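# the following comprises the amino acid sequence and a computationally predicted model.
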There are 2 protein chains.
Amino acid sequence: MLLQPKKFKDPVEPAFGDPNCGGCVLDPSGCLCDGCKIRPLSVCNVLNEQEIKTFRNLGHSVGYNAKTSLFSQDEEADAVFNLTEGMVRLYKLLPDGRRQIVGFALPGDFLGLAFEPTYSFSADAVTSAVACRFPRKLFEAYVDQTPALLKRLHEAATYELTLAREQMVLLGRRSAEERIAAFLIGLRDRLYRIGYHSPTLRLPMSRQDIADFLGLTIETVSRTLTKLAKDKVILIVPDGIRFLKMEKLETLAA
Amino acid sequence: MLLQPKKFKDPVEPAFGDPNCGGCVLDPSGCLCDGCKIRPLSVCNVLNEQEIKTFRNLGHSVGYNAKTSLFSQDEEADAVFNLTEGMVRLYKLLPDGRRQIVGFALPGDFLGLAFEPTYSFSADAVTSAVACRFPRKLFEAYVDQTPALLKRLHEAATYELTLAREQMVLLGRRSAEERIAAFLIGLRDRLYRIGYHSPTLRLPMSRQDIADFLGLTIETVSRTLTKLAKDKVILIVPDGIRFLKMEKLETLAA
DNA sequence: TTTTGGTCTTGATTTGCGTCAATGCTTGAG
DNA sequence: CTCAAGCATTGACGCAAATCAAGACCAAAA
């Protein structure tokens, strides 16, 4: 459910909000905060009921079909996003087309906070996804008068930074097999933390996405997964994998 | 001057502050904020003269000899640091000894903000260095009552995050030659921003440090620098390099 | 002065992963 | 049902960077 929310097979043109966002406004009157499942895990958890009422009116809940864009590198950073459903890939492109995925965003993750006036990376939906979208100006003004939210955002940024540094170690110093192991375990851990417990790890992204995240090629990803499956460390199932020897994987990823 | 502050050849035991910090307290009465050259470029620039007076009493200015440690991975994160002079390498170690340098800190950079109760990486001085050292508890309490400082710290963390993502692209998708080019240009740009303009780029870190930052081996770093020198793109000088064909380097780093 | 230890460079060789290429599998259109 | 279009897997081969090895350079110690 978390990773595969309902499909938006026939995207309607947004009737409200920014027509360029590529998504479809689900709740023009604001985020559906009351029934929001990831709210306790997201930055908005520091706002009380009174504050939420103001906050939710700053933005809208927007749905995105798989493979559609939330925002793109170098385009004006005029909105921030709080992902509530689905998975989003964040990536940077080199001029010659090489791509590096810098992260997969999960429900509860906050996206688009830019230091510069433009986005420094692109974001598009891996699965269909839903996000609360806030105009940047309004959001920043609200943050400026709500130190508790600022503090929470800073914590989130600090956490992101530790993840980014982990990824640097992976990209700079780990073998293909270690990268795959660390990726599988890391994703499982992040999903676990947001309440998605399962013996099977769903991998909604393509092999190419995994390759571009791990600094490998699609062939190496495929071969390495096959090798781990041959060694009975994992089992490859449709749309994902199952863990067979967690210990072995954890040794590789250590 | 910035990169090679006066040496602390004969480190005295600190008479004040934490005796385990490995450094030498230069100003027991607080940071030497009045004459601080990098203050306008650091996070403390948001504090007015009145606020600085409170703030400076929270910590001490501490000197570190080259190669001594400011803090280490997994040790209790009981202090934060604002680097004022010298260069510090930040790195993570894998259990088998492989090392990934996740950044080189320059004057004005803020270090040690941890999400967890322990540091997630190690930091030691490349050159001799000076930092304002604040007990974490005191610092956090002050930040909590000073939203402007919190905002500035959040900006700094966001900036760090964009640098970290750039580094992911470098580690995941660039060739050895491109990595070296991007490293040289990136370091020059950062030094330029803090007022260190020079046609010569000083490289106080070892080849091994550069290798561990770029995800290469020391031999590849050496060979690649030699190749760039043979191609007359750079000139290798004692302790650094000089730029000859900036344009060519920028193309490689693009 | 020579020696020692550290860092850097250079050359020879190996190798892990990339590249190229073919084939298989799945899904949806017709 | 067949067919086409993507994606994934597998194999053969190539190459950029790692590894192994030797020597150069430099500074400090003896």
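Sure thing, it's come through.

# drop to CA atoms for contacts and neighbour counts, all remaining ones
Noted.

# ok, and the helix or strand in chain A with the lowest average confidence?
strand A:24-27 (a mean of 71; mean pLDDT, DSSP states H and E).

# same for that one, what does it pack against?
If you count contacts as 3 or more CA pairs under 8 Å, 6 or more residues apart in numbering or on different chains; DSSP states H and E, strand A:24-27 packs onto strand A:60-64.

# walk me through which strands the strand it packs on pairs with, and which way each runs.
Applying DSSP bridges, strand A:60-64 is found paired with strand A:24-27 (antiparallel), strand A:129-135 (antiparallel).

# give me whichever of those strands is most buried.
strand A:129-135 (a mean of 26; mean count of other CA atoms under 10 Å in any protein chain shown).

# how confident was the prediction at residue A:224?
Here, the pLDDT recorded for residue A:224 equals 98.

# now do the SS call for it.
State at residue A:224, reduced to three classes by DSSP: H, G, I helix; E, B strand; the rest coil: helix.

# got the contact list for it?
Residues near residue A:224 by CA atoms under 8 Å, 6 or more residues apart in numbering or on different chains: A:176, A:177, A:180.

# tell me which helix or strand residue A:221 sits in.
Here residue A:221 sits within helix A:218-230, counting by DSSP states H and E.

# picking up where we left off before, tell me the helices and strands packed up against the next helix or strand after the least confident helix or strand of chain A.
Counting by DSSP H and E, the next helix or strand C-terminal to strand A:24-27 is helix A:49-56. Here helix A:49-56 touches no other helix or strand, going by 3+ CA pairs under 8 Å, 6+ apart.

# just want the angle from helix A:49-56 to strand A:129-135.
Computed by axes from the mean of the first three to the mean of the last three CA atoms, to 10 degrees, the angle separating helix A:49-56 from strand A:129-135 equals 90 degrees.

# buried residues in helix A:49-56?
A:52, A:55, A:56 (16 or more other CA atoms under 10 Å in any protein chain shown).

# contacting residues around stretch A:169-188?
A:201, A:214-216, A:220-221, A:224-225, A:249-250, A:252-254, B:92, B:98-100, B:102, B:168, B:171-172, B:212-216.

# roughly how far does residue A:217 sit from DNA strand C?
4 Å (CA to the nearest atom of the strand, to the nearest Å).

# what's the burial count for that residue?
Counted by other CA atoms under 10 Å in any protein chain shown, the residues lying close to residue A:217 total 16.

# do the same with the one 5 residues further on
By the other CA under 10 Å criterion, the neighbourhood of residue A:222 contains 14 residues.

# now the one 5 residues further on
Residues within reach of residue A:227, counting by other CA under 10 Å, total 14.

# repeat for residue A:229
Residue A:229: 17 neighbours (other CA under 10 Å).

# three-state assignment of the nearest residue in space to it that is not next to it in sequence?
Among residues not flanking residue A:229 along the chain, residue A:235 sits closest, at 5.3 Å (CA to CA, 6 or more residues apart in numbering or on different chains). Judged by three-state DSSP, the three-state class of residue A:235 is strand.

# partners of residue A:235 in the sheet?
Under the criterion used (DSSP bridges), residue A:235 bridges to residue A:242.

# dump the residue contacts of it.
A:229, A:241, A:242, A:243, A:244.

# ok, now how distant is the residue nearest to the spatial centre of chain A from residue A:125?
Nearest to the mean C-alpha position of chain A, by CA atoms, centre = their mean, lies residue A:105 at 0.8 Å. The spacing between residue A:105 and residue A:125, counted by CA to CA, to the nearest Å, is 9 Å.

# now the common contact residues for those two.
By CA under 8 Å, 6+ apart, the residues touching both residue A:105 and residue A:125 are A:87, A:88, A:89.

# quick check on whichever residue of the stretch 1-150 of chain A sits closest to DNA strand C: phi, psi?
DNA strand C sits closest to residue A:98 of the stretch 1-150 of chain A, with a gap of 9.5 Å, by CA to the nearest atom of the strand. Here is the backbone geometry of residue A:98 (degrees, to the nearest 10): phi -60, psi 140.

# perfect, I'm done here.
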